[in-house]
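# how does the following fold in three dimensions:
(one chain, ligands or ions: 2)
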Amino acid sequence: MVVLSVPAEVTVILLDIEGTTTPIAFVKDILFPYIKENVKEYLQTHWEEEECQQDVSLLRKQAEEDAHLDGAVPIPEATGDGAEDLQQMIQAVVDNVCWQMSLDRKTTALKQLQGHMWRAAFTAGRMKAEFFADVVPAVRKWRAAGMKVYIYSSGSVEAQKLLFGHSTEGDILELVDGHFDTKIGHKVESESYRKIADSIGCATSNILFLTDVTPEASAAEAADVRVAVVLRPGNAGLTDDEKTHYSLITSFSDLCLPSSP
Ligand SMILES: CSCCC(=O)C(=O)COP(=O)(O)O
Ligand SMILES: [Mg+2]
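Ligands and ions are numbered 1, 2, ... in the order given. The predicted structure is shown next:
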């Protein structure tokens with residue numbers, strides 16, 4: 001059943017991942033536990049590698065910014081003083097990552113490390129990303145109708161590509177015209193949506209953003225982006241005011257493009 005007519009000026013559909021294309025349960029029960037269970041071993045194995053050192057530097061910088069927060073975990077600078085010092089530092093990174101994850105923080109530092117850790121699991125075929133059944137058919141239809149489809153997730157661009165490249169629907173990366181993450185700005189800040197429009201080369205009013213998170217919808221709307229809030233099994237409930245204010249869909253097939261019958 002069609003419940004939302006896409007405004008004629010919309011040429012770009014911008015998709016959130018968790019709670020929109022992909023069940024929250026997949027992220028919370030599979031992706032995130034993988035990090036918590038493997039972060040220590042990952043750091044011990046990859047510590048000497050340039051990529052891992054860059055991840056640790058970014059986490060340390062984030063920890064400095066977070067110093068004022070309750071329960072924040074500092075990451076000391078390396079003293080180069082033996083194996084014990086190294087193990088202490090690795091433990092501090094582990095504790096910092098677990099603390100950030102306990103708050104479901106969306107920092108670029110955390111998301112970058114997570115993306116690098118998931119790479120091994122996805123490329124080895126040990127993990128496949130789940131997508132709601134309506135997602136792939138709808139995206140194919142939108143693209144056939146001339147729409148561009150972009151992703152904007154707090155998950156790093158690298159992690160996004162892993163999910164789309166290794167999904168239960170196969171490699172569906174080719175269905176996406178481009179990816180944005182928190183490097184362009186946070187999803188609850190309107191400026192991020194203006195920058196995304198600039199980067200795509202369109203007006204914000206040409207974009208329809210689909211998300212499950214109302215503070216993200218509100219930030220996008222303030223930037224004159226068209227918005228629909230996606231209701232999926234397992235998503236957080238909406239207040240009555242939010243239900244009245246936002247266009248709501250429960251499936252991508254609820255969207256009717258201007259030229260659709
Ligand atoms: C795309 S990586 C996995 C999901 C993730 O880490 C995350 O933070 C999801 O954020 P979203 O903005 O897609 O809700
Ligand atoms: Mg989401």
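
# now the closest residue to ligand 1 within the stretch 51-200 of the chain: which helix or strand?
Of all residues in the stretch 51-200 of the chain, Gly155 sits closest to ligand 1, at 2.1 Å by CB to the nearest ligand atom. The way it works is simple: take the backbone N, C-alpha and C, and place the C-beta from them, glycine included. Counting by DSSP states H and E, Gly155 is held by no secondary-structure element, helix or strand.

# likewise for Tyr34?
Going by DSSP H and E, Tyr34 is in helix 32-46.

# check which residues of that helix are buried.
Across helix 32-46, burial judged by 16 or more other CB atoms under 10 Å covers Tyr34, Ile35, Val39, Lys40, Tyr42, Leu43, His46.

# follow-up on the earlier one: state the distance from the residue of the stretch 51-200 of the chain closest to ligand 1 to Glu64.
24 Å (CB to CB, to the nearest Å).

# do the same with Leu238
Counting by CB to CB, the gap from Leu238 to Glu64 is 36 Å.

# same deal with Lys106?
In terms of CB to CB, Lys106 sits 18 Å off from Glu64.

# of these two, who's got more company?
Between Lys106 and Glu64, counted using other CB atoms under 10 Å, Lys106 has the larger neighbour count: 16 against 11.

# how many neighbouring residues does the nearest residue to that one once chain neighbours are set aside have?
Nearest residue to Lys106, sequence neighbours excluded (CB to CB, 6 or more residues apart in numbering): Ser154, at 3.8 Å. Residues within reach of Ser154, counting by other CB under 10 Å, total 23.

# ok, the helix holding Tyr34 near ligand 1 or not?
No: with CB under 6 Å from any ligand atom as the criterion, ligand 1 is not reached by helix 32-46; the gap is at least 7.6 Å.
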